[in-house]
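**Q** Got a predicted structure plus its sequence, pasted below:
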Amino acid sequence: MWSDFYNNEFIIFYVLKDEQKPKFGISAPKKLGNAVLRNKCKRRLRMIIRNNNFLFKNYRNYIIIIKKGFLCLTYKDNVESLKKLIGGLNEK
């Protein structure tokens, strides 16, 4: 069963699984902008995940959808936003 959390920058769905290492799926909808902008956002999000991998619990699959609010914030603010969201998700 999928569970979800969201804020102005991200929507995160997760499900429990058997494998230990967490896996990620990243989506940037067409509403976000053209292909170049969507790919840039996905690259940034992958870098945020790579640098903060310790925040994500094992035995979970994550799907992260980028929202328009992601474009309005700096890289540092996006990192803080994701940390807050994952912190709330890990309390569950």
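**A** Yep, it's here. Numbering: from 1, shown residues only.
**Q** Run a quick neighbour tally on residue 43.
**A** Neighbour count of residue 43, defined by other CB atoms under 10 Å: 11. The way it works is simple: take the backbone N, C-alpha and C, and place the C-beta from them, glycine included.
**Q** so which strand or helix has it?
**A** Assigned by DSSP states H and E, residue 43 falls within helix 35-51.
**Q** after that helix comes which helix or strand?
**A** strand 60-66.
**Q** Just the residues contacting that following strand, thanks.
**A** Outside strand 60-66, the residues within contact range by CB atoms under 8 Å, 6 or more residues apart in numbering are 9-17, 22-29, 32, 38, 41-42, 45, 49, 56.
**Q** From the contact counts, what lies against the next helix or strand after it?
**A** Downstream of strand 60-66, the first helix or strand assigned by DSSP H and E is helix 69-72. Secondary-structure packing of helix 69-72 (3 or more CB pairs under 8 Å, 6 or more residues apart in numbering; DSSP states H and E): helix 35-51.
**Q** What residues sit buried inside the helix it packs on?
**A** Residues 38, 41, 42, 45, 48, 49 are the ones in helix 35-51 that count as buried (16 or more other CB atoms under 10 Å).
**Q** any chance of those in a markdown table, plus pLDDT?
**A** Converted to a markdown table, the buried residues of helix 35-51 look like this (pLDDT from 0 to 100):
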| residue | pLDDT |
| --- | --- |
| 38 | 96 |
| 41 | 96 |
| 42 | 97 |
| 45 | 96 |
| 48 | 95 |
| 49 | 94 |
